[in-house]
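Student: quick one: sequence and predicted model below, then my questions.
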Amino acid sequence: MAEKMICFNDVHICTESFGDINNPTILLIMGATASMIWWEEDFCKRLSNQGFHIIRYDNRDTGKSITYEYGHPEYNFDDLADDAIQVLDAYKVDKAHIIGMSMGGIITQIIALKHPGRILTISLIMTSNFDSSLPRKDSKVTESLGELKIKNWQSKDEVIEYLMKKSKVLIGTKYIFDEKRIRRLNEEEFDRASNLQSRENHGFIRGWGSYLSRIDEINAPTLVIHGTKDPIIPYEHGVHLSGIIPNSVLVTLDGTGHELHYNDWDKIINAISKRA
(Lines give C-alpha, C1' and ligand atoms only; values in the text may rest on other atoms or scores of the structure.)
Protein backbone atom coordinates (compact mmCIF):
# COMPACT_ATOMS: atom_id res chain seq x y z
CA MET A 1 0.00 0.00 0.00
CA ALA A 2 1.48 3.35 -1.02
CA GLU A 3 0.01 6.84 -1.39
CA LYS A 4 0.97 8.73 -4.53
CA MET A 5 0.09 12.27 -5.66
CA ILE A 6 -0.64 12.61 -9.38
CA CYS A 7 -0.03 16.08 -10.87
CA PHE A 8 -1.12 17.30 -14.31
CA ASN A 9 -2.43 20.57 -15.82
CA ASP A 10 -2.37 22.39 -12.44
CA VAL A 11 -4.44 19.55 -10.93
CA HIS A 12 -3.33 17.17 -8.20
CA ILE A 13 -5.08 13.89 -7.40
CA CYS A 14 -4.28 11.78 -4.34
CA THR A 15 -4.10 8.05 -5.06
CA GLU A 16 -3.25 4.86 -3.21
CA SER A 17 -2.42 1.39 -4.51
CA PHE A 18 -2.54 -2.15 -3.18
CA GLY A 19 -0.95 -5.34 -4.46
CA ASP A 20 1.40 -6.27 -7.29
CA ILE A 21 1.40 -3.79 -10.16
CA ASN A 22 2.12 -6.69 -12.53
CA ASN A 23 -1.37 -8.06 -11.85
CA PRO A 24 -4.43 -6.79 -13.75
CA THR A 25 -5.42 -3.38 -12.40
CA ILE A 26 -8.75 -2.46 -10.85
CA LEU A 27 -9.41 1.29 -10.59
CA LEU A 28 -11.94 2.23 -7.89
CA ILE A 29 -13.96 5.46 -8.28
CA MET A 30 -16.04 6.58 -5.30
CA GLY A 31 -19.30 8.52 -5.28
CA ALA A 32 -20.29 12.14 -4.67
CA THR A 33 -18.85 13.95 -1.62
CA ALA A 34 -16.90 10.86 -0.54
CA SER A 35 -13.15 10.37 -0.67
CA MET A 36 -11.35 7.14 -1.52
CA ILE A 37 -11.38 5.91 2.10
CA TRP A 38 -14.94 4.64 1.57
CA TRP A 39 -13.29 1.93 -0.52
CA GLU A 40 -12.10 0.61 2.81
CA GLU A 41 -8.58 -0.76 3.17
CA ASP A 42 -9.79 -4.24 4.07
CA PHE A 43 -12.05 -4.27 1.00
CA CYS A 44 -9.12 -3.22 -1.22
CA LYS A 45 -6.80 -5.83 0.28
CA ARG A 46 -9.37 -8.61 -0.08
CA LEU A 47 -9.94 -7.62 -3.70
CA SER A 48 -6.18 -7.48 -4.27
CA ASN A 49 -5.83 -10.98 -2.81
CA GLN A 50 -7.94 -12.25 -5.73
CA GLY A 51 -4.96 -11.47 -7.98
CA PHE A 52 -5.45 -7.79 -8.77
CA HIS A 53 -3.51 -4.55 -8.48
CA ILE A 54 -5.88 -2.03 -6.86
CA ILE A 55 -5.86 1.76 -7.22
CA ARG A 56 -8.22 4.03 -5.31
CA TYR A 57 -8.15 7.84 -5.44
CA ASP A 58 -9.76 11.02 -4.15
CA ASN A 59 -11.98 12.68 -6.75
CA ARG A 60 -11.54 16.44 -7.11
CA ASP A 61 -12.96 18.33 -4.11
CA THR A 62 -12.49 15.37 -1.74
CA GLY A 63 -9.72 14.15 0.54
CA LYS A 64 -6.25 15.39 -0.35
CA SER A 65 -6.97 16.09 -4.02
CA ILE A 66 -7.40 19.57 -5.50
CA THR A 67 -10.31 21.59 -4.11
CA TYR A 68 -12.21 24.58 -5.43
CA GLU A 69 -14.19 27.44 -3.93
CA TYR A 70 -17.56 26.23 -2.66
CA GLY A 71 -20.21 26.63 -5.36
CA HIS A 72 -17.65 27.04 -8.15
CA PRO A 73 -16.20 23.71 -9.30
CA GLU A 74 -13.94 24.48 -12.25
CA TYR A 75 -14.54 21.11 -13.89
CA ASN A 76 -17.25 18.88 -15.34
CA PHE A 77 -17.87 15.14 -15.74
CA ASP A 78 -15.63 15.05 -18.82
CA ASP A 79 -12.76 16.23 -16.63
CA LEU A 80 -13.52 13.62 -13.94
CA ALA A 81 -13.46 10.86 -16.56
CA ASP A 82 -10.16 12.18 -17.91
CA ASP A 83 -8.76 12.29 -14.34
CA ALA A 84 -9.20 8.52 -14.12
CA ILE A 85 -7.17 8.08 -17.30
CA GLN A 86 -4.46 10.37 -15.91
CA VAL A 87 -4.28 8.12 -12.85
CA LEU A 88 -3.87 5.04 -15.05
CA ASP A 89 -1.20 6.82 -17.08
CA ALA A 90 0.71 7.74 -13.91
CA TYR A 91 0.78 4.07 -12.90
CA LYS A 92 1.70 3.07 -16.48
CA VAL A 93 -1.47 0.98 -16.79
CA ASP A 94 -2.71 0.57 -20.35
CA LYS A 95 -6.06 -1.09 -19.60
CA ALA A 96 -7.96 -1.60 -16.36
CA HIS A 97 -11.11 -2.93 -14.81
CA ILE A 98 -13.04 0.18 -13.71
CA ILE A 99 -15.42 0.05 -10.75
CA GLY A 100 -17.62 3.03 -9.89
CA MET A 101 -19.93 3.59 -6.94
CA SER A 102 -22.88 6.02 -7.33
CA MET A 103 -21.40 9.18 -8.94
CA GLY A 104 -18.32 7.07 -9.55
CA GLY A 105 -20.58 4.87 -11.66
CA ILE A 106 -21.55 7.88 -13.77
CA ILE A 107 -17.85 8.60 -14.30
CA THR A 108 -17.25 4.94 -15.16
CA GLN A 109 -19.97 4.95 -17.82
CA ILE A 110 -18.43 8.08 -19.36
CA ILE A 111 -14.97 6.48 -19.36
CA ALA A 112 -16.38 3.42 -21.12
CA LEU A 113 -17.81 5.66 -23.86
CA LYS A 114 -15.00 8.21 -24.09
CA HIS A 115 -11.98 5.95 -23.57
CA PRO A 116 -13.13 2.45 -24.59
CA GLY A 117 -9.59 1.38 -25.42
CA ARG A 118 -8.55 1.73 -21.78
CA ILE A 119 -11.25 -0.58 -20.40
CA LEU A 120 -11.15 -4.30 -19.66
CA THR A 121 -14.48 -4.47 -17.82
CA ILE A 122 -16.66 -2.07 -15.85
CA SER A 123 -18.65 -2.56 -12.67
CA LEU A 124 -21.46 -0.15 -11.79
CA ILE A 125 -22.48 -0.12 -8.13
CA MET A 126 -25.62 1.70 -6.90
CA THR A 127 -25.66 4.00 -9.93
CA SER A 128 -27.76 4.94 -12.96
CA ASN A 129 -27.94 6.69 -16.30
CA PHE A 130 -30.93 8.59 -14.83
CA ASP A 131 -33.38 7.82 -17.61
CA SER A 132 -36.44 10.04 -17.13
CA SER A 133 -38.73 7.01 -16.99
CA LEU A 134 -37.08 5.69 -13.81
CA PRO A 135 -38.38 6.36 -10.28
CA ARG A 136 -36.80 9.13 -8.27
CA LYS A 137 -35.56 8.81 -4.72
CA ASP A 138 -38.18 8.72 -1.99
CA SER A 139 -39.52 12.17 -1.11
CA LYS A 140 -38.91 11.44 2.58
CA VAL A 141 -35.24 10.91 1.81
CA THR A 142 -35.10 14.20 -0.07
CA GLU A 143 -36.74 15.95 2.90
CA SER A 144 -34.39 14.31 5.41
CA LEU A 145 -31.29 15.31 3.45
CA GLY A 146 -32.68 18.81 2.93
CA GLU A 147 -33.03 19.29 6.67
CA LEU A 148 -29.35 18.55 7.29
CA LYS A 149 -27.49 21.81 7.63
CA ILE A 150 -24.06 22.76 8.90
CA LYS A 151 -22.95 26.16 10.17
CA ASN A 152 -19.26 25.66 10.88
CA TRP A 153 -17.21 23.31 8.68
CA GLN A 154 -14.24 23.80 11.01
CA SER A 155 -16.04 22.28 14.00
CA LYS A 156 -15.19 18.58 14.03
CA ASP A 157 -18.01 17.69 16.41
CA GLU A 158 -20.64 19.50 14.35
CA VAL A 159 -19.35 18.11 11.05
CA ILE A 160 -19.17 14.53 12.33
CA GLU A 161 -22.74 14.66 13.62
CA TYR A 162 -23.88 16.07 10.27
CA LEU A 163 -22.06 13.30 8.40
CA MET A 164 -23.43 10.61 10.72
CA LYS A 165 -27.01 11.76 10.16
CA LYS A 166 -26.40 11.78 6.42
CA SER A 167 -24.91 8.29 6.54
CA LYS A 168 -27.96 6.95 8.37
CA VAL A 169 -30.22 8.09 5.54
CA LEU A 170 -28.31 5.89 3.08
CA ILE A 171 -28.78 2.51 4.72
CA GLY A 172 -31.22 -0.18 3.67
CA THR A 173 -33.32 -2.55 5.77
CA LYS A 174 -31.06 -5.59 5.97
CA TYR A 175 -28.29 -4.34 8.25
CA ILE A 176 -28.21 -2.43 11.53
CA PHE A 177 -26.40 0.90 11.22
CA ASP A 178 -22.78 0.33 12.26
CA GLU A 179 -22.30 3.43 14.40
CA LYS A 180 -18.69 2.72 15.38
CA ARG A 181 -17.43 1.92 11.87
CA ILE A 182 -19.20 4.82 10.15
CA ARG A 183 -18.09 7.29 12.82
CA ARG A 184 -14.48 6.14 12.39
CA LEU A 185 -14.68 6.65 8.62
CA ASN A 186 -16.31 10.07 8.95
CA GLU A 187 -13.66 11.16 11.46
CA GLU A 188 -10.95 10.03 9.06
CA GLU A 189 -12.74 11.94 6.30
CA PHE A 190 -12.64 15.11 8.40
CA ASP A 191 -9.01 14.68 9.48
CA ARG A 192 -7.53 14.10 6.03
CA ALA A 193 -9.60 16.56 3.96
CA SER A 194 -7.80 19.68 2.79
CA ASN A 195 -11.13 21.55 2.46
CA LEU A 196 -14.11 19.48 3.57
CA GLN A 197 -16.83 21.91 2.49
CA SER A 198 -15.64 21.63 -1.11
CA ARG A 199 -17.10 18.11 -1.22
CA GLU A 200 -20.49 19.80 -1.64
CA ASN A 201 -19.32 21.06 -5.05
CA HIS A 202 -20.23 17.67 -6.48
CA GLY A 203 -23.84 18.82 -6.48
CA PHE A 204 -22.95 21.50 -9.03
CA ILE A 205 -21.12 19.34 -11.60
CA ARG A 206 -22.59 19.18 -15.09
CA GLY A 207 -21.87 17.46 -18.38
CA TRP A 208 -23.04 13.85 -18.10
CA GLY A 209 -26.28 13.94 -20.09
CA SER A 210 -24.86 13.58 -23.59
CA TYR A 211 -22.97 10.47 -22.50
CA LEU A 212 -25.55 8.68 -20.38
CA SER A 213 -28.10 8.80 -23.18
CA ARG A 214 -25.72 6.54 -25.17
CA ILE A 215 -24.94 3.76 -22.72
CA ASP A 216 -26.31 1.16 -25.13
CA GLU A 217 -23.06 1.83 -27.03
CA ILE A 218 -20.89 0.54 -24.16
CA ASN A 219 -19.09 -2.55 -25.42
CA ALA A 220 -17.08 -3.54 -22.33
CA PRO A 221 -18.26 -6.54 -20.28
CA THR A 222 -20.34 -4.92 -17.54
CA LEU A 223 -21.32 -5.90 -14.02
CA VAL A 224 -24.23 -4.05 -12.41
CA ILE A 225 -24.54 -4.31 -8.62
CA HIS A 226 -27.53 -2.77 -6.85
CA GLY A 227 -29.32 -3.00 -3.52
CA THR A 228 -33.07 -3.56 -3.48
CA LYS A 229 -33.53 -0.98 -0.71
CA ASP A 230 -31.35 1.80 -2.10
CA PRO A 231 -33.14 5.00 -0.94
CA ILE A 232 -31.06 7.32 -3.14
CA ILE A 233 -30.99 5.51 -6.50
CA PRO A 234 -33.84 2.97 -6.49
CA TYR A 235 -33.17 -0.64 -7.49
CA GLU A 236 -35.07 -0.15 -10.77
CA HIS A 237 -32.14 1.96 -11.99
CA GLY A 238 -29.78 -0.99 -11.71
CA VAL A 239 -32.25 -3.27 -13.47
CA HIS A 240 -32.52 -0.67 -16.24
CA LEU A 241 -28.73 -0.45 -16.68
CA SER A 242 -28.38 -4.21 -16.93
CA GLY A 243 -31.15 -4.28 -19.53
CA ILE A 244 -29.79 -1.55 -21.79
CA ILE A 245 -26.01 -2.13 -21.63
CA PRO A 246 -25.02 -5.05 -23.88
CA ASN A 247 -23.05 -7.92 -22.33
CA SER A 248 -24.06 -6.98 -18.77
CA VAL A 249 -24.83 -9.04 -15.67
CA LEU A 250 -26.96 -7.89 -12.73
CA VAL A 251 -26.08 -8.82 -9.14
CA THR A 252 -28.83 -8.03 -6.65
CA LEU A 253 -28.12 -7.26 -3.00
CA ASP A 254 -31.37 -7.99 -1.17
CA GLY A 255 -32.22 -5.41 1.50
CA THR A 256 -29.05 -3.36 0.94
CA GLY A 257 -29.19 0.43 0.74
CA HIS A 258 -26.87 3.00 -0.84
CA GLU A 259 -23.86 1.49 0.88
CA LEU A 260 -20.88 -0.83 0.58
CA HIS A 261 -21.70 -2.89 3.65
CA TYR A 262 -18.94 -5.26 4.72
CA ASN A 263 -21.40 -8.15 4.92
CA ASP A 264 -21.87 -7.76 1.15
CA TRP A 265 -18.15 -7.63 0.37
CA ASP A 266 -17.75 -11.34 -0.35
CA LYS A 267 -20.62 -11.33 -2.84
CA ILE A 268 -19.34 -8.15 -4.51
CA ILE A 269 -15.71 -9.33 -4.67
CA ASN A 270 -16.67 -12.75 -5.99
CA ALA A 271 -18.84 -11.18 -8.69
CA ILE A 272 -16.07 -8.78 -9.73
CA SER A 273 -13.44 -11.55 -9.79
CA LYS A 274 -15.70 -13.81 -11.85
CA ARG A 275 -16.51 -11.03 -14.35
CA ALA A 276 -12.85 -10.05 -14.71
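Tutor: Great, that's in hand. Residues are numbered from 1 along each chain as shown.
Student: which of the helices and strands in this protein ranks last by mean pLDDT?
Tutor: Within the chain, confidence by mean pLDDT, DSSP states H and E is lowest for helix 139-146 among all helices and strands, at a mean of 76.
Student: ok now the very next helix or strand once past that helix, how far from the chain's centre?
Tutor: Remark: after helix 139-146, the chain's next helix or strand is helix 156-170, criterion DSSP states H and E. From the chain centre to the centre of helix 156-170 is a distance of 19 Å (Cα atoms, centre = their mean, to the nearest Å).
Student: average pLDDT across the first helix or strand past helix 156-170 going along the chain?
Tutor: Scanning forward in sequence from helix 156-170 by DSSP H and E, the next helix or strand is helix 179-192. Here helix 179-192 scores 97 as its mean pLDDT.
Student: point out the other helices and strands that helix 179-192 packs with.
Tutor: Here helix 179-192 touches helix 156-170, going by 3 or more Cβ pairs under 8 Å, 6 or more residues apart in numbering; DSSP states H and E. All C-beta atoms are positioned from the backbone trio N, CA, C, and that covers glycine.
Student: flag every buried residue along the helix it packs on.
Tutor: Within helix 156-170, the residues that qualify as buried are Val159, Tyr162, Leu163, Lys166, Ser167, Val169, Leu170, counting by 16 or more other Cβ atoms under 10 Å.
Student: so how far is Trp38 from Ala32?
Tutor: Distance, Ala32 to Trp38, using Cβ to Cβ, to the nearest Å: 11 Å.
Student: more neighbours: which of the two?
Tutor: For Ala32 versus Trp38, neighbours defined as other Cβ atoms under 10 Å are more numerous around Trp38 (22 against 19).
Student: and the nearest residue to that one once chain neighbours are set aside, what does it touch?
Tutor: With Cβ to Cβ, 6 or more residues apart in numbering as the criterion, Trp38 has its nearest non-adjacent residue at 5.3 Å, and that residue is Met30. Listed by Cβ atoms under 8 Å, 6 or more residues apart in numbering, the contact set of Met30 reads Met36, Trp38, Trp39, Arg56, Asn59, Thr62, Met101, Ser102, Met103, Gly104.
Student: what strand or helix carries the nearest residue to Gly203 once chain neighbours are set aside?
Tutor: Using Cβ to Cβ, 6+ apart and skipping the chain neighbours, the partner closest in space to Gly203 is Ala32 (7.2 Å). Under the criterion of DSSP H and E, Ala32 resides outside all helices and strands.
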